[in-house]
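# Provide a 3D model corresponding to the input given below.
(2 chains)
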Amino acid sequence: MANSTEVDKDIYYVPEQGWYPVFLAFGLMLLVTGMADSLNTIRGQGVADWTQSLLGFVIVSFVLYAWFTKVISENEAGLNNASVHKSYVWGMGWFIFSEVMFFAAFFGALFYVRVLVVPWLGGEGEKGIIGDYLWPTFQATWPVVQNPDPALFTDPIKSMAAPTELGGLAGYLPFYNTVILLTSSVTVHMAHDGIKEQNRKKLISWLAVTVLLGIVFLILQVEEYIEAYELYGLTLDSGIYGSTFFILTGFHGFHVTLGTFMLLMQLVRAVKGHFSKNDCFGFEASSWYWHFVDVVWVGLFIFVYVV
Amino acid sequence: MSEVIHAGHHDHHDHGPAKGLLRWLYTTNHKDIGTLYLWFSFAMFLIGGLMALVIRTELFQPGLQFVQPEFFNQMTTNHGLIMVFGAIMPAFVGLANWLIPMQVGAPDMALPRMNNLSFWILPFAFGIMISTLFMEGGGPNFGWTFYAPLSTTYAPDSVTFFIFAVHLMGASSIMGSINIIATILNMRAPGMTLMKMPMFVWTWLITAYLLIAVMPVLAGAVTMMLFDIHFGTSFFNAAGGGDPVMFQHIFWFFGHPEVYIMILPAFGIISHIIPAFARKQLFGYTSMVYAVASIAFLSFIVWAHHMFTVGMPLAGQLFFMYSTMLIAIPTGVKVFNWIATMWRGSMTFETPMLFAIAFVVLFTMGGFSGLMLAITPADYQYHDTYFVVAHFHYVLVPGALFSIIAAVYFWLPKWTGKMYDEALGKLHFWLSFIGVNVTFFPQHFSGLAGMPRRIPDYALQFADFNMLSSIGAFIFGFSQLFFLFVVIKAIRSGKPATARGWEGARGLEWTLPSPAPYHSFTHPPEVKAEEVHG
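Numbers count the residues shown, from 1 in each chain, chains lettered A, B, ... in the order given. So this is what the prediction gives:
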């Protein structure tokens, strides 16, 4: 029986058993239950203890590090044939599709609110009766800077909407962020060319530029959030405009952070001498993710800021 | 460069399963993981079933005598969530793990470590969810659909834990689905073209696509809940310009594909069992594939039929009514094909076949009551009554669940190398068949007469129907313990099974010995014409 059960590694590499997954699941459990507990404590005006979440986060990070290190070393040892590589490609592709659908939920909420809810609350059409009855003074506008019930949800002073004339873009942070992200998609492509041309210097320098652009983007976004909170009074609890604005740009920013981190890891690998013309999945997966993050931003810039 | 170094055979040799308990924690084998999924889902099925029996005990007679209304609400909520996410879905994933690599001629799943992760997230997620029942303020009590503002403004504190548990389940489902798609698209034996794939593989390919498309939307929905509860946003609060109805739209955009996620793999299973015991080719293979694809497509544009009474514009009601009715067409194609497969077949009625035929009849009944509910003006009468409860239990219990039981009886010889006791299997079938109908058939009548769902007490005129329903529920519940007995008896002392298992069974999995070797196909098999379904 013994030898007949073995999978030939030239056909497909089936890894032997390992401890990563179950520990990762355990770490995730610690992380989320710790977070839930802390959030509930804060909501009950208590002082939250983040130790458990932190421990969960450390375990998750450590396992992911060990897991990826293992996968990379297996790849360097030549265990992953073309078929395994193809599974990785499918895997990353469908993962990105799932991320697209995650953002689709928030974009869907934005469109539903803008096109239907706010006009109804303003009294439009047959369904406007209730809005008229509950909040007769509410005017339907987008961005909503005057909420139906300002006593519950404080009105923001100003929205983040783009200036109407082109000249105004000069002092408009999101415009710079658009330029930065679009540029970074080009630079990550240049880095890819570097791999294809077997030019390691080109790979490393363009990848470094990309990571740098990602970091600059994030710094500018933090700056934008500070501006929103301090100058515009635009916060998470200033009604539906703030809600949609922060959830969309916030989760996008979180994905930029992840993407930057992924690219940074690829940069480290590139410096170490990883990647060849025919074997650069780690890099390619990160760059697809980066392009995806870029496309989402274009959607955000159009529908959250401009239109 | 490194890729020229060949895989060394000097390192470790992977000879079958490791010893001890750690095997189950650390495994990367699709059969081990399939087994874990199946046992886990059965455990959840018993817990969810226990909650159902609490509900039916309270409803045995009018009046409040057994539990408090608050606890009753927690029972209905958790019964639904556990059965949907903990019993039915993991059972299908377990079947997918066991069967897909064998049916496409692969050694294992495409991403074996991630496969293990998808499973091991689940016990933690359900541990969190069940623990909420013991928290201060009680567990989730807002129904399995967790409509805002019941699940936000008026929710118990445990809702935060519930939200994160849903996130974990979603991550598990997405990873499981990615794995299944990668396996199907990448690891088929040479010669197995898409239109030669077994129906179970086809239905899971489409189901996995649906899961990847909608689980993130559910994640988005619970994330907005989390923000409304803890960070002051107003997505589902009209005072800040949001809308509680928006929650329902987002939820059902996930929820309707979700109900097909729970039935498409069942279609696949039935499409294996009926041909095997009718000793004929599946009738209309190609139309079966297109029907499943059409159902999947339609599932994205029918969601608001769950909310006809919420106050939608007329155009919306009409659109969702007609799109919903369209689903009857591909579903009708499938039912027609199953019956046509049996037509003039050399039929025998072993336990899997009995469950499969009961599936066709009773699922069709659930489909017809669905058509009644699809008619908007009629739905105004049926909405939130026991008629709805009867409808979805007919498609989920003698539908999804019967198909899972049928699959266990059908493939058990392949998994364990042992046959179950046919007489006991048939007894299990008849107990389940009678139990399920006694439970849910009367609910059509109490619903049409106006009995609302999700209440612990009811008006006197519904007493007889409810008593009948409760008796049926106990028959059904305890006959599933009998199922456990039949399966364990088969594993321990069943007669040895042949490789073919069933005279009329076809497909690559039946070319392997019984029990199937640890790594299914170490070398890609030849796909012979007589093993192809299409």
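# drop to CA atoms for contacts and neighbour counts, all remaining ones
Fine.
# right, and the helix or strand after the helix or strand bottoming out on mean pLDDT in chain B?
The least trusted helix or strand in chain B, going by mean pLDDT, DSSP states H and E, turns out to be helix B:22-26, with a mean of 93. Next helix or strand after helix B:22-26 toward the C-terminus (DSSP states H and E): helix B:30-58.
# Tell me which stretches of the stretch 151-300 of chain A form helices.
Under the criterion DSSP state H, counting those that start in this stretch, helices of the stretch 151-300 of chain A are mapped to A:173-196, A:200-230, A:239-272, A:281-300.
# and the third one, is it in reach of chain B?
Think helix A:239-272. Yes. Counting by Cα under 8 Å from any Cα of the partner chain, chain B is contacted by helix A:239-272 at A:239-240, A:242-244.
# of all the helices of the stretch 151-300 of chain A, which lies closest to residue B:158?
helix A:239-272 (22.9 Å; Cα to Cα).
# How far away from the center of its chain is that closest one?
4 Å (Cα atoms, centre = their mean, to the nearest Å).
# Could you measure from the closest residue to residue A:217 other than its chain neighbours over to residue A:260?
Nearest residue to residue A:217, sequence neighbours excluded (Cα to Cα, 6 or more residues apart in numbering or on different chains): residue A:177, at 5.7 Å. The gap separating residue A:177 from residue A:260 is 15 Å, by Cα to Cα, to the nearest Å.
# Then residue B:106?
The gap separating residue B:106 from residue A:260 is 36 Å, by Cα to Cα.
# on that earlier part again, tabulate the helices of the stretch 151-300 of chain A (JSON lines), appending mean pLDDT.
Output for the helices of the stretch 151-300 of chain A, formatted as JSON lines (pLDDT from 0 to 100):
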{"stretch": "helix A:173-196", "mean pLDDT": "96"}
{"stretch": "helix A:200-230", "mean pLDDT": "97"}
{"stretch": "helix A:239-272", "mean pLDDT": "97"}
{"stretch": "helix A:281-300", "mean pLDDT": "97"}
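# do you know which of these lies nearest residue B:455?
Comparing the helices of the stretch 151-300 of chain A by Cα to Cα, helix A:239-272 comes nearest, at 33.9 Å.
# and that closest one, what does it pack onto?
Counting contacts by 3 or more Cα pairs under 8 Å, 6 or more residues apart in numbering or on different chains; DSSP states H and E, helix A:239-272 is packed against helix A:82-112, helix A:200-230, helix A:281-300.
# which residues are contacting the shortest one?
Residues from elsewhere that reach helix A:281-300, judged by Cα atoms under 8 Å, 6 or more residues apart in numbering or on different chains: A:85, A:88-89, A:92, A:96, A:178, A:181-182, A:185, A:188-189, A:192, A:248-249, A:252, A:255-256, A:259-260, A:262-263, A:266, A:275.
# Spell out for me the ChimeraX command that would select the buried members of those.
Applying 16 or more other Cα atoms under 10 Å in any protein chain shown to the contacts of helix A:281-300, the buried members can be selected in ChimeraX as follows:
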select /A:85,88,89,92,96,178,181,182,185,188,189,192,248,249,252,255,256,259,260,262,263,266,275
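# picking up where we left off before, for the least confident helix or strand of chain B, could you pull out the residues that count as buried?
Using 16+ other Cα under 10 Å as the test for burial, helix B:22-26 gives B:24-26.
# Could you dump the residues you listed into TSV with distance to residue A:129 added?
Output for those, formatted as TSV (distance: Cα to Cα, whole Å):
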residue	distance to residue A:129
B:24	60
B:25	58
B:26	60
